[in-house]
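Visitor: Return a 3D structure for these sequence lines:
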Amino acid sequence: MNRVIELLKSHRSIRKFTAQPLDDAMIAEIVACGQAAATSSNVQATTVIRVRDGHKRAMIAELAGGQSYVASAGAFLVFCADLHRPGLACAMQGGASPGA
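Guide: Coordinates of the predicted model:
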């Protein structure tokens with residue numbers, strides 16, 4: 001079997017994280033990798049928010065159905081759909097303005 005297909009089939013999501021913090025450079029590198037990933041129409045329509053405040057993370061963990069790893073992971077990032085920035089970029093290049 002093709003090695004790429006084997007790799008894709010071996011993917012697993014494991015949410016057993018340590019509390020070891022990640023430094024700002026590592027977070028920036030991870031976000032940059034995500035931003036370089038292919039998207040529909042090459043629209044980078046997300047805003048990434050790093051939540052550092054422990055109280056806010058505990059509240060998010062509760063709202064997310066008691067997902068304790070949200071509060072305890074070394075870093076927690078929230079990815080929000082955001083069509084405002086691509087709209088502004090379009091308007092800056094002479095396209096339709098946001099909200100038009």
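Visitor: helices and strands around the longest helix seen in the chain, which ones?
Guide: Secondary structure assigned by DSSP state H gives helix 24-36 as the longest helix of the chain. Helix 24-36 makes packing contacts with strand 46-50, strand 77-81 when contacts are defined by 3 or more Cβ pairs under 8 Å, 6 or more residues apart in numbering; DSSP states H and E. Bear in mind the C-beta positions are built from the backbone N, C-alpha and C, glycine included.
Visitor: quick one: strands adjacent to the last one?
Guide: What that stands for is strand 77-81. With DSSP bridges as the criterion, the sheet partners recorded for strand 77-81 are strand 46-50 (antiparallel).
Visitor: Mind listing residues that contact the partner strand?
Guide: Among residues not part of strand 46-50, those counted as contacts by Cβ atoms under 8 Å, 6 or more residues apart in numbering are 27, 31, 34, 75-82, 85.
Visitor: okay, the helices and strands packed on helix 24-36, which one's buried deepest?
Guide: Per-stretch averages of neighbours, counted by mean count of other Cβ atoms under 10 Å, single out strand 46-50 among those, with a mean of 14.
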